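Enquirer: Predicted coordinates and the sequence they were generated for:
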Amino acid sequence: MKFQVYLKGAPAMVLAGLLATALPVQAKAPIEVVTSFSILADMVKTVGADQVNVVSLVPADGNSHEVELTPRDIKKMSSPDTQLLFVNGLGLDSWTDRLLASSGFQGKVIVASDGVKVRKLDEAADHDVHDHHAADKDDHDSHEEHDHEEGHEHEHEKDHDHGHGHDHGEFDPHAWQDLANGQVYVRNIARALSQADPANAALYEGNARDYIQQMQALDEQVRKAMADIPAERRKIVTTHDAFGYFADAYGLEVIAPLGISTSAEPSAKDISAVIRQIKEQKIPAVFLENVKNNKLQDQIARETGAKVGGMLYSDALATSGEAASYLGMMRHNTGVITEAIR
Ligand SMILES: [Zn+2]
């Protein structure tokens, strides 16, 4: 209103000048963005709002360690309009390397996890309960440290993509499961969007700030919810080892019979070792994952008497419901875990 009133009496030159500065921000087409998986897509949408069009290559409830590309995906990647591809990095989505080569993608690749404190995979590779007591140590500051090792994974992991998409690299890729890392992702996303579309930089930075505040508040809630559970009951079984960062950050012990891989079949010996461990350590609950076949969990629950605690969202958002957003997923997982082991 105020704008129109002002324009009415303005000389033509001023009017033209105002239109030139005011209109492009309003009328410009959204920037076209692709993400490797659904959790990144939600983050980019939250930061970019209606100024970005986002396509996720792996959809909600999909397995983010591998991908089935559609002609629509290839077309989007080949389009000169597509400016940015956001990947997780750390070996989760190194399948994007093939896609980059074959699609002739002309935009920029952003590694969203760049700068997180990386969890080394050898800590997670064995089948023993990880003895994490992160709740006792305040390691939040260290999340700000820049660890650039993982920034180069696109080059050196090309050669050992095993077809099932899960590189057995040095690092645990599931960094988003710690809300402190989620904040690093969001800063990287806001920076990339602002560089690609400087006219809307203030919008992106503002949205990122609000989003990070929500992450910090939720981080606090998760910490409190976990701290309320007696330490000896803070132990769970998941399918594949997607919760190492969550465990480190919030003080949980996790057994994952499939290890970090999404495709390996555990041997009968592995399974009986896990069952023995669950019984000895009185682990209260076994969880299902939205991205996994859960037959093994049912067997483990039957043979150990541990309860099946419900569905955890590890590597993909839900298509609907509470876990259909990143923050909702973190809230949902925390609720389901604390409910089952309290
Ligand atoms: Zn995974």
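Expert: Looks like it arrived, so ask away.
Enquirer: interface residues of the protein facing the ion?
Expert: Counting by C-beta under 5 Å from the ion, the chain comes close to the ion at Ala242, Asp315. In short, each C-beta sits where N, CA and C put it, glycine included.
Enquirer: quick one, domains of this structure?
Expert: Each domain of the chain is listed here as a residue range: 18-119+144-212, 227-341, per automatic domain parsing.
Enquirer: Would you reformat these as TSV and include mean neighbour count, distance to Gln221 and mean pLDDT?
Expert: Output for these, formatted as TSV (neighbours: other C-beta atoms under 10 Å; distance: least, C-beta to C-beta, whole Å; pLDDT from 0 to 100):
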stretch	mean neighbour count	distance to Gln221	mean pLDDT
domain 18-119+144-212	19	10	84
domain 227-341	19	7	90
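Enquirer: mind checking which of these is nearest Glu220?
Expert: Closest to Glu220 of the domains of the chain, according to C-beta to C-beta: domain 18-119+144-212, at 9.1 Å.
Enquirer: Off-centre distance for that closest one?
Expert: 10 Å (C-alpha atoms, centre = their mean, to the nearest Å).
Enquirer: Can you name the residues that contact the nearest residue to Ala242 once chain neighbours are set aside?
Expert: Using C-beta to C-beta, 6 or more residues apart in numbering and skipping the chain neighbours, the partner closest in space to Ala242 is Ser314 (3.6 Å). Taking C-beta atoms under 8 Å, 6 or more residues apart in numbering, we find Ser314 in contact with His174, Gln177, Thr238, His240, Ala242, Phe243, Glu289, Asn290, Val291, Lys292.
Enquirer: For the stretch 151-300 of the chain, which residue gets nearest to the ion?
Expert: Ala242 (4.4 Å; C-beta to the ion).
Enquirer: That residue - that's part of a strand, no?
Expert: No - applying DSSP: H, G, I helix; E, B strand; the rest coil, one finds Ala242 to be coil, outside a strand.
Enquirer: quick one: it and Val308, what's the gap?
Expert: In this view, Ala242 and Val308 are 17 Å apart by C-beta to C-beta, to the nearest Å.
Enquirer: cool, Val44 as well?
Expert: For Val44, the distance to Val308 equals 34 Å [C-beta to C-beta].
Enquirer: can you pull out the strands in the stretch 101-250 of the chain?
Expert: 108-111, 235-237 (DSSP state E, counting those that start in this stretch).
Enquirer: Point out the other helices and strands that the first one packs with.
Expert: So the one you mean is strand 108-111. In terms of contacts (3 or more C-beta pairs under 8 Å, 6 or more residues apart in numbering; DSSP states H and E), strand 108-111 is packed against strand 82-87, helix 153-156, helix 179-196.
Enquirer: Using CSV, write out every CA atom in the longest one.
Expert: Listed next in CSV are the C-alpha coordinates belonging to helix 179-196 (Å, rounded to 0.1, in the frame of the first residue of the first chain):
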residue,chain,number,x,y,z
LEU,A,179,21.3,-31.7,15.5
ALA,A,180,24.6,-29.8,15.9
ASN,A,181,25.7,-31.2,12.5
GLY,A,182,22.3,-30.3,11.1
GLN,A,183,23.2,-26.7,11.9
VAL,A,184,26.4,-27.0,9.9
TYR,A,185,24.4,-28.4,6.9
VAL,A,186,22.0,-25.4,7.1
ARG,A,187,24.9,-22.9,7.1
ASN,A,188,26.4,-24.5,4.1
ILE,A,189,23.0,-24.5,2.3
ALA,A,190,22.3,-20.9,3.1
ARG,A,191,25.8,-19.9,1.9
ALA,A,192,25.3,-21.8,-1.4
LEU,A,193,21.9,-20.4,-2.1
SER,A,194,23.0,-16.8,-1.3
GLN,A,195,25.9,-17.2,-3.7
ALA,A,196,23.7,-18.6,-6.4
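Enquirer: who are the neighbours of it, in terms of helices and strands?
Expert: Helix 179-196 sits against strand 31-35, helix 38-48, strand 82-87, strand 108-111, helix 201-227, helix 244-250, helix 326-341, with contacts defined as 3+ C-beta pairs under 8 Å, 6+ apart.
Enquirer: Could you do the first one as well?
Expert: Other elements packing on strand 82-87 under the criterion 3+ C-beta pairs under 8 Å, 6+ apart are strand 31-35, helix 38-48, helix 96-103, strand 108-111, helix 179-196.
Enquirer: Residue of the stretch 1-150 of the chain nearest the ion, please.
Expert: Distances between the stretch 1-150 of the chain and the ion by C-beta to the ion are smallest at His65, namely 5.5 Å.
Enquirer: need the contact list for the closest residue to Asn293 other than its chain neighbours.
Expert: The spatial neighbour of Asn293 that comes closest, neighbours along the chain excluded (C-beta to C-beta, 6+ apart), is Thr239 at 7.9 Å. Shown in contact with Thr239 (C-beta under 8 Å, 6+ apart): Ala256, Pro257, Leu258, Phe287, Leu288, Glu289, Lys292, Asn293, Asn294, Leu296, Gln297.
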